[in-house]
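S.K.: After the sequence you'll find the predicted model.
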Amino acid sequence: MQSKNKKAPTKAEREHIERVKDLPCSVCDQHGPSDCHEIKQGQWITSIALCKDCHQGSRNGIHGQRQMWTLKKLDELDALAITLGRLFWN
C-alpha cells in the first residue's frame with residue numbers, strides 16, 4: 001500500500017518492484033510472490049523480497065519480533081545481498 005506522503009515510483013522503479021516480488025523470500029526461501037520491503041522508504045532500489053510472514057508476521061517479521069531473522073542470523077543488508085544476487089546473478 002502506498003503511503004500518502006511518499007512519491008509514487010517511476011516506471012523503472014515499478015518494473016524493479018515487480019521483479020523483486022517474483023523472487024522467493026530472501027529470509028526463509030518461500031516461493032513468491034513476495035512482498036517488496038524497502039529498507040528506507042522511497043528508495044526502491046534497496047528493496048528486499050520477503051514473504052508475508054518474514055515481512056509483517058508478529059513473530060517472524062521484520063516489523064515484528066524478527067524470530068526468523070534471528071534464527072537465520074540475517075539483517076536487512078544480508079537480505080538485500082540475497083535479493084540482489086537473485087536478481088542479477090541467478
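M.R.: Here it is on my side, so go on.
S.K.: ok, residues contacting the lengthiest helix in the chain?
M.R.: Once the chain is assigned using DSSP state H, the helix that runs over the most residues is helix 76-88. Surrounding helix 76-88, the residues in contact under the criterion Cβ atoms under 8 Å, 6 or more residues apart in numbering are 19-20, 23-24, 26-27, 39, 46-50, 62. C-beta: built from backbone N, CA, C; applies to glycine.
S.K.: swap the cut-off to 10 Å and go again
M.R.: Where contact means Cβ atoms under 10 Å, 6 or more residues apart in numbering, the residues beyond helix 76-88 that reach it are 16, 19-20, 22-27, 29, 34, 36-40, 45-50, 54, 62, 69, 72, 74.
S.K.: Buried residues, it. List them.
M.R.: Buried residues in helix 76-88, counting neighbours by 16 or more other Cβ atoms under 10 Å, are found at 76, 79-80, 82-84, 86.
S.K.: quick one: which of those residues is nearest Ala12?
M.R.: Leu84 (15.9 Å; Cβ to Cβ).
S.K.: Just the pLDDT for that closest one.
M.R.: pLDDT, the model's per-residue confidence, is 96 for Leu84.
S.K.: before we move on, the earlier item: any quick ChimeraX command for the buried ones out of the contacts of helix 76-88?
M.R.: Selection of the buried residues among those in ChimeraX, burial being defined by 16+ other Cβ under 10 Å:
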select :16,20,23,24,25,26,27,34,36,37,38,47,48,49,50,54,62,69,72,74
